[in-house]
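**Student:** model this:
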Amino acid sequence: MKKLIAGIALFGTFALASAQTITFDKTTFDYGTIKPSSDGIRFFTVTNTGDKPLILSNVKASCGCTTPEFSTDPIMPGKSAKIKVGYNTAINGGFNKTIEVFSNDPVNNRSVIYIKGNVDPNAPDPKPLTPAELKAKAKADKKAAKASKKSCCCKVISTQKNRRTVSLRRFFYYI
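**Tutor:** This next block holds a predicted model:
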């Protein structure tokens with residue numbers, strides 16, 4: 001009986017050791033003090049440090065003022081992906097928001113990342129970006145735009161004038 005239990009425990013250890021593992025470049029992004037209506041978009045980098053594909057199944061924000069965008073494409077071992085997080089900077093005052101990231105990581109299937117900062121009309125103007133920072137930002141924006149194009153949309157098929165109904169058909173498109 002002891003050998004059976006030891007064998008099961010050993011097998012479970014190997015099964016977990018050879019799995020997908022989620023890691024983040026940072027778990028908290030501090031916006032600092034920013035002006036109202038300034039750029040509220042930031043990126044978190046997710047890396048698969050395991051040896052099987054990692055799939056992000058859902059990313060949920062704690063409230064409607066925070067909008068996460070992510071790709072459900074598998075992240076291969078050793079590769080990375082970006083989670084785009086937008087905050088509505090039209091809301092004045094301090095903020096501290098949580099974003100839940102759900103994945104197929106067997107040990108950490110629910111991870112939490114945070115954004116925080118303060119929106120203040122008296123905040124100093126942001127420093128201008130260097131050419132290297134501009135190039136990196138343009139590259140990240142291009143990659144995020146490409147990932148966001150892979151989405152599900154609805155298409156109006158028909159409408160009936162007297163009934164005030166709209167029929168919708170779901171379709172997927174990939175560009």
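
**Student:** could you find the closest non-adjacent residue to Ser57?
**Tutor:** Phe102 (4.8 Å; CB to CB, 6 or more residues apart in numbering). All C-beta atoms are positioned from the backbone trio N, CA, C, and that covers glycine.

**Student:** and that neighbour, how many neighbours?
**Tutor:** 15 (other CB atoms under 10 Å).

**Student:** ok, the one 4 residues further on next?
**Tutor:** As a burial measure, Pro106 scores 13 neighbours (other CB under 10 Å).

**Student:** surely Thr72 meets Leu54?
**Tutor:** No - in this structure Thr72 lies outside contact range of Leu54 using CB atoms under 8 Å: 11.0 Å.

**Student:** between the two, which one's more packed in?
**Tutor:** A direct count of neighbours by other CB under 10 Å for Thr72 and Leu54 places Leu54 higher, at 23 against 13.

**Student:** OK, contacts around that one?
**Tutor:** Residues in contact with Leu54 (CB atoms under 8 Å, 6 or more residues apart in numbering) are Gln20, Thr21, Ile22, Val46, Asn48, Pro74, Ile75, Pro77, Ser103, Asn104, Asp105.

**Student:** where does the chain have low pLDDT?
**Tutor:** 1-18, 144-145, 147-175 (pLDDT under 70).

**Student:** for it, what's the longest helix?
**Tutor:** Selection of the longest helix in the chain by residue count, based on DSSP state H, yields helix 131-149.

**Student:** what helices or strands is it leaning on?
**Tutor:** Judged by 3 or more CB pairs under 8 Å, 6 or more residues apart in numbering; DSSP states H and E, helix 131-149 is in contact with strand 66-69, strand 80-87.
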